[in-house]
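>>> just need the structure, nothing else, for what follows:
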Amino acid sequence: MKIDILTLFPKMFEGPLTESMLKRAREKGLLQIRVHNIRDFTTDRHRVADDASYGSGGMVLKPEPIFRAVEFFKKRTTHDARCTTVVLMTPDGKTFNQQTAKRLAKYKHLIFLCGHYEGVDERVREIADEEISIGDYVLTGGELPAMVVIDTVARMIKGVVGKEDAPQKDSFYERLLDCPHYTRPREFRGMKVPEVLFSGNHKKIQEWRLKIALKRTRQRRPDLINKKTD
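Reported below is the predicted structural model:
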């Protein structure tokens, strides 16, 4: 998968993209991630990418460099244009979830638009295929939400996670919270690991894990159970 990120602050991505799972995925060639500065697509000598909002208000990202960048990224791709989707990170977008991550992982090319300050000029929505929010709160910009989405989507790509079926066992993959996990020591401060995990009976272990996952979901996120049975 190829990912292009358009932002005013490229350095914000340096840590998350160069550590852990995403680093390994890039080294294996499973992910090609490029971070671009919006200012590189301006045409004036001062590289102005934002301006004051009409009618008073804060600063807003201008439409020209964003349109220019997206069109440039699309021309660089060699696959069918239908395999590319442009994602605008915005507080008023559709709330991100695991099902959206699974769907986005099917594309060959993702382009992320990261707003900042008061956001982007309203006309930028015309070039976006999707608008995504990671929750009902406001952040300084779209950079952190883009990192969250990229990390989640990357887990859905074959070979990125060590065990091929690991993502299917994550919380929310099938609208259930994950079951508890344990490691050594077998007993810690009076708290014991459930005996079934030492049984060697994989069927019983899987049944126990599903039972506990359902119980935990009913207790903590009953709304997920309702969605699963709709």
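>>> quick one, strands of the chain?
With strands called from DSSP state E, the chain shows them at 2-7, 32-37, 50-52, 59-61, 84-95, 109-114, 130-133, 187-188, 191-192.
>>> what number of residues lie near the nearest residue to residue 43 once chain neighbours are set aside?
In space, and not counting its chain neighbours, residue 43 is closest to residue 64: 7.6 Å by C-beta to C-beta, 6 or more residues apart in numbering. Any C-beta I mention is one placed from the backbone N, CA and C, and that applies to glycine too. Residue 64 is flanked by 15 other residues according to other C-beta atoms under 10 Å.
>>> report how many residues lie close to the closest residue in space to residue 131 that isn't next to it in sequence.
In this structure, residue 131 finds its nearest non-sequential neighbour in residue 93, 3.4 Å apart by C-beta to C-beta, 6+ apart. Using other C-beta under 10 Å, residue 93 has 18 neighbouring residues.
>>> ditto for residue 114
If you count neighbours by other C-beta under 10 Å, residue 114 ends up with 27.
>>> follow-up on the earlier one: surely the residue nearest to residue 43 touches residue 42?
Yes: in this structure residue 64 lies within contact range of residue 42 using C-beta atoms under 8 Å: 7.5 Å.
>>> residue ranges with poor pLDDT in the chain?
For the chain, the stretches with pLDDT under 70 are 78-79, 162-173, 227-230.
>>> any idea how many residues pack against residue 184?
Residue neighbour count, defined by other C-beta under 10 Å, stands at 7 for residue 184.
>>> got the phi/psi numbers for it?
Note on residue 184: its backbone torsions stand at phi -60, psi 150 [degrees, to the nearest 10].
>>> measure it to residue 198 for me?
Look at residue 184 and residue 198: by C-beta to C-beta, to the nearest Å, they are 12 Å apart.
>>> residue contacts, residue 213?
Going by C-beta atoms under 8 Å, 6 or more residues apart in numbering, residue 213 touches 176, 177, 178, 179.
>>> contacts for stretch 95-112?
1-6, 70, 73-74, 77, 79, 83-87, 89, 94, 132-136, 142, 145-146, 148-150, 152-153, 155-157, 170, 172-173, 175.
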